[in-house]
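1. only geometry, no sequence info:
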Ligand SMILES: [Zn+2]
């Protein structure tokens, strides 16, 4: 197997677009442009973080061509309505995403600009 280096910023920009598209496709809502989203790339030799294992283990694996791209997601009321998503690329590389509920008004999720009054 050959190892390839990935540019995390570049992967993030593409992955976020896919996430937002899939979120709209599955949930019918738009993720706000400025929504803070925690993103990570898990290489094949790393374990998926425990929270993703525990929370998503019972969720169905989605995707039409799972050998190339599959995903799993869920929202978890016991964790402040956190959304957790994972993408599997070529059954090896895993991308993880975590973000608060779209209506969350915590300090982290507040828009960075104050509203015009
Ligand atoms: Zn929040």
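-> Now that the structure is in, tell me what you want to look at. Because the structure is a prediction, the values reported are computed rather than measured.
2. For the rest of this, base every contact and every neighbour count on C-alpha atoms.
-> Will do.
3. Does anything pack onto the lowest-mean-pLDDT helix or strand in the chain? Which helices or strands?
-> The weakest-scoring helix or strand in the chain, judged by mean pLDDT, DSSP states H and E, is helix 50-56 (a mean of 89). Where contact means 3 or more CA pairs under 8 Å, 6 or more residues apart in numbering; DSSP states H and E, helix 50-56 is packed against strand 69-76, strand 82-89.
4. Tell me the buried residues in that helix?
-> Going by neighbour count (16 or more other CA atoms under 10 Å), the buried part of helix 50-56 is 52, 55-56.
5. repeat for stretch 21-36
-> Buried residues in stretch 21-36, counted by 16+ other CA under 10 Å: 21, 23, 31, 35.
6. Residues of the chain that sit close to the ion?
-> 100, 104, 106, 109 (CA under 5 Å from the ion).
7. In ChimeraX, how would I select just the buried ones from those residues?
-> Selection of the buried residues among those in ChimeraX, burial being defined by 16+ other CA under 10 Å:
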select :100,109
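8. among the residues of the chain next to the ion, which are in strands?
-> Of the positions in the residues of the chain next to the ion, not one sits in strands, assigned by DSSP state E.
9. That's all I had, so thanks and see you.
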